[in-house]
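[1] Show me the folded form of this:
(2 chains)
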Amino acid sequence: MLAARTCRVVAAGAGASLATVLAVLTGVGPAAAAEEGHDDPLGYVVDLDALDDPAVVAEGRRLYQRGCVSCHGADGVGAPSGPPLEDAGAASAHFYLTSGRMPAAVPAGAQPQRKRPAYDSEEITALVAYVASLGDGPEIPRVHPDEADVAVGGELFRQDCAACHSATGGGGAQSYGRIAPSLMESTPVQVAEAMRIGPGQMPVFGPERFSDEEVDEIVRYVQFLQEVGDPGGFALGRIGPIPEGFVAIVIGLGATLLAAFWVGKRREQSHDVEEGSA
Amino acid sequence: MSTDRDRPSSPPGRRGTPLTRRTVRWLDRRVGAAGMARKALDKVFPDHWSFLIGEIALWSFVILLLTGVYLTFFFEPSLEKVVYDGSYEGLRGLEITRAYDSALDISFEVRSGLVMRQMHHWAALVFVASTSAHLCRVFFTGAFRRPRELNWIIGVTLMILAIVNGFTGYSLLDDQLSGTGLRIAYNIAISIPLVGTWIASLFFGGEFPGPDIITRLYVIHILLVPGVLLALIGLHMGLLVRQRHTQFSGPGRTEGNVVGERVWPTYLAKGLGMFFLTSAVLAALGGLAQINPIWLYGPYEPADVSTASQPDWYMGWLDGALRIMPSWELRAFGFEVPNPFLQAVLVPTITFLLLFLWPFLEARVTKDHAEHHLLDRPRDRPVRTALGVAALAFYTVLFFAGGSDVLAVTFGIPINVLFPAFQVLLVVLPAVAGYLAYRLCKELAQRDQPGGEHHAREVAPPAPDSGESHRRDVAPDDTPERQPAAEAGGKPRR
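    Purely as a prediction, here's the structure:
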């Protein structure tokens, strides 16, 4: 009897621990502070002043010949397995290299994923300088989120970004296996770049759609989403009713069923009988 | 005050009588309820843990009422615009409605407002979940059979009302998610042939988003539906007491008696225990797990929509039905029947109609119109069990289809693969699950038969360690010599 009860208590304890573990696993912690360094909170990574230096461009060309040419072709003219880079510009190169999406770990045509950058800051500077020298692409945008109104940024974000990246910035599904990635790790510069260059399926939000000031506001709001805590407890991934329903059924109903089992299973030594008229 | 309190103890004759007894006597002389209370407290309830599932629902509802009353002190159901100036930085300075503004205040300014809001929401999810589990228990054990058809109908009504009230609560806060839900509800309403636009316009007070909708939802959510729920729960339990609770068959248990524990003291203590345990679970969820962070979703703007907009879980099957329905265009009597009508109106209508009618359908098919106070074991009714399992599989597929976009991102499966997969599963899985359930029932029932694999153990006197075995009573129900007293010394059966 004692053993059985102990088992039950252990089971209940295990359920509770499982709940905690699940909550921790599915929860989004406070956004990771930019690992690139404390002196670069906006995520520039590269040395912006060095991009015009011919020596740096030459170094970039050397790196390009080694790591990029097989897909993007000589001098960025493009190849069957990769798009031309002639007008990609510093913004595109910077976006793809600092977010680790290039060099891609997936076959051509598939969506490259965010991962640890393959190159260090100096190499990225050189590659960006080289790609920028190939043609007339957009420059790396300068962002000033500190001066922007976060609430206005939120309004813009919900109008034009939430439909794919979700109101919480957690990302979402697109058709044919594509996803709009989570923005929880994006640096301010990457957010601004993505708007200006429109990587993958993302539309280009050029200056005629968002002024530089509005870009700053959106960048500020994404930063805010990354920083803001979850006053309600475990965030459950901030993806709304699906994990909530999962927790309600598995943990809420599960725990109360265990309670019912525990309360209902214990029996008196004798029974009461009520004779009915049926 | 102190003199009032001191007075009763001053006459020397009453000194020894406990206060409780005096209070009860005082009440009885005025209300005369002692006889009724005696009868109620002596009532015997059969003991099986699954009979407590309904109590989880009951106590969740009590928590809903308690937390809900607290929330009404602070919530303002108005679409009037105000400028948000609360403590949440991400929205400060925006023009939002009073409804959303007061919901944000509950979350950030009101003392213990957020934990109350979260407990309320978790309790709502668990309320519907435990109601569904209770419905499954009643269905698979045949507890709905005569004379309890009426209570089954009340129970199904309770479940519908629980879902309705959950949805109205979800829709009340005027955040982006609730507005998106209402937008879908509006479109479902206008999909009803002939009368749809009229119904939608009457209910919303005009074109979406109508000016009246939040006020109306509020009255429905805090007064109308809870009132009906409360009355029907009372009726549900009143009928349960009046008709006696069903019990599983077993030694000493007949169609004519109830073997179990009296309300006083055992069952009352168990009920109270369930209340505290249910409250504890809901309070823990409310305090530890964030639910519906409306501040992240932002105020509702009809032109905006966020990806991964889902309803709460109990509406998930309807959302799933909307998502995976092929885009068929039906025409009837020269009119276009809007596509959403089939999944969002016909599917729930047929679902609940079947549920309402099930006791009568089953009685008609099995020609079993007798009264039943002893429960079936699911294995003894393989057809019913198989049909129930098939239906559960059907709604589970719809439910998962409702989360298709989240599944796509989480598991990296293209959504264009998920949709056809769900369409196929919706047809195949119920059939497979139903067949498997049927085979399993047959197999288990066969083991119980005399001559079956485990027959020897079944009829053997209870071995000291057989407390957990599923021994079935082999004696006829009304054998007089097998009285519970004889069983009392033996080991517990289950």
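[2] could you list every residue that touches the residue nearest the centre of chain A?
    Of all residues in chain A, the one closest to the mean position by Cα atoms, centre = their mean is A:S182, 2.7 Å from it. By Cβ atoms under 8 Å, 6 or more residues apart in numbering or on different chains, the residues touching A:S182 are A:H165, A:G169, A:G170, A:G171. C-betas here are computed from N, CA, C, even on glycine.
[3] The second one is in contact with A:Q226, isn't it?
    Yes: with contacts defined as Cβ atoms under 8 Å, A:G169 counts as touching A:Q226 at a distance of 7.4 Å.
[4] which one of these two has more residues nearby?
    The residue with more neighbours, out of A:G169 and A:Q226, is A:G169; 24 against 20, by other Cβ atoms under 10 Å in any protein chain shown.
[5] Now do the same for the more buried one: helix, strand or coil?
    coil (DSSP: H, G, I helix; E, B strand; the rest coil).
[6] quick one: A:G177 and B:N416 touch, right?
    Yes: if you go by Cβ under 8 Å, A:G177 and B:N416 touch, sitting 7.4 Å apart.
[7] Pull out the buried residues from the lengthiest strand in chain A.
    For chain A, the longest strand by residue count, based on DSSP state E, is strand A:272-275. For strand A:272-275, burial by neighbour count (16 or more other Cβ atoms under 10 Å in any protein chain shown) applies to A:D272, A:V273, A:E274.
[8] Does anything pack onto that strand? Which helices or strands?
    Helices and strands touching strand A:272-275, as assessed by 3 or more Cβ pairs under 8 Å, 6 or more residues apart in numbering or on different chains; DSSP states H and E, comprise strand B:44-46, strand B:257-262.
[9] partners of the last one, with directions?
    Sheet pairing of strand B:257-262 (DSSP bridges) gives strand A:272-275 (antiparallel), strand B:44-46 (antiparallel).
[10] Okay, helices next: where are they in the stretch 151-278 of chain A?
    With DSSP state H, counting those that start in this stretch as the criterion, the stretch 151-278 of chain A has helices at A:162-165, A:188-197, A:212-227, A:241-247, A:254-265.
[11] what are the ranges of the strands in chain A?
    Under DSSP E, chain A gives strands at A:172-173, A:179-180, A:272-275.
[12] and those strands, which one is worst for confidence?
    Among these, strand A:272-275 has the lowest mean pLDDT, at a mean of 75.
[13] just how off-centre is it within its chain?
    Distance of strand A:272-275 from its chain centroid, counting by Cα atoms, centre = their mean, to the nearest Å, is 63 Å.
[14] Give me the contacts around it.
    Outside of strand A:272-275, the residues within contact range by Cβ under 8 Å, 6+ apart are B:42-44, B:244, B:252, B:256-262, B:483-484.
[15] and the stretch 51-200 of chain A, which residues reach chain B?
    Proximity of the stretch 51-200 of chain A to chain B (Cβ under 8 Å from any Cβ of the partner chain) is limited to residues A:149-152, A:154-155, A:158-159, A:162-168, A:170-177, A:179-180.
[16] try it again with 10 Å
    Remark: the part of the stretch 51-200 of chain A in contact with chain B comprises A:149-155, A:157-182, using Cβ under 10 Å from any Cβ of the partner chain.
[17] Only whichever of those residues are buried, select them in PyMOL.
    Here is the PyMOL command that picks out the buried ones among those, judged by 16+ other Cβ under 10 Å:
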select buried, chain A and resi 149+150+151+152+153+154+155+157+158+160+161+162+163+164+165+166+167+168+169+170+171+172+173+174+178+179+180+181+182
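[18] Tell me, how many residues neighbour B:L272?
    Neighbour count of B:L272, defined by other Cβ under 10 Å: 12.
[19] Format the CA atom coordinates belonging to whichever helix or strand it is part of as CSV.
    Following DSSP states H and E, one finds B:L272 within helix B:268-288. Output of helix B:268-288 as CSV, limited to C-alpha atoms (Å, rounded to 0.1, in the frame of the first residue of the first chain):
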residue,chain,number,x,y,z
LEU,B,268,-17.4,15.3,0.7
ALA,B,269,-13.8,15.2,1.7
LYS,B,270,-12.9,13.7,-1.7
GLY,B,271,-14.8,16.5,-3.4
LEU,B,272,-13.2,19.1,-1.3
GLY,B,273,-9.8,17.5,-2.0
MET,B,274,-10.5,17.6,-5.8
PHE,B,275,-11.4,21.3,-5.4
PHE,B,276,-8.1,22.1,-3.8
LEU,B,277,-6.1,20.0,-6.1
THR,B,278,-7.8,21.5,-9.2
SER,B,279,-7.3,25.0,-7.8
ALA,B,280,-3.7,24.2,-7.2
VAL,B,281,-3.0,23.1,-10.7
LEU,B,282,-4.8,26.1,-12.2
ALA,B,283,-3.1,28.5,-9.8
ALA,B,284,0.3,27.0,-10.7
LEU,B,285,-0.4,27.3,-14.4
GLY,B,286,-1.7,30.8,-13.9
GLY,B,287,1.3,31.9,-12.0
LEU,B,288,4.0,30.0,-14.0
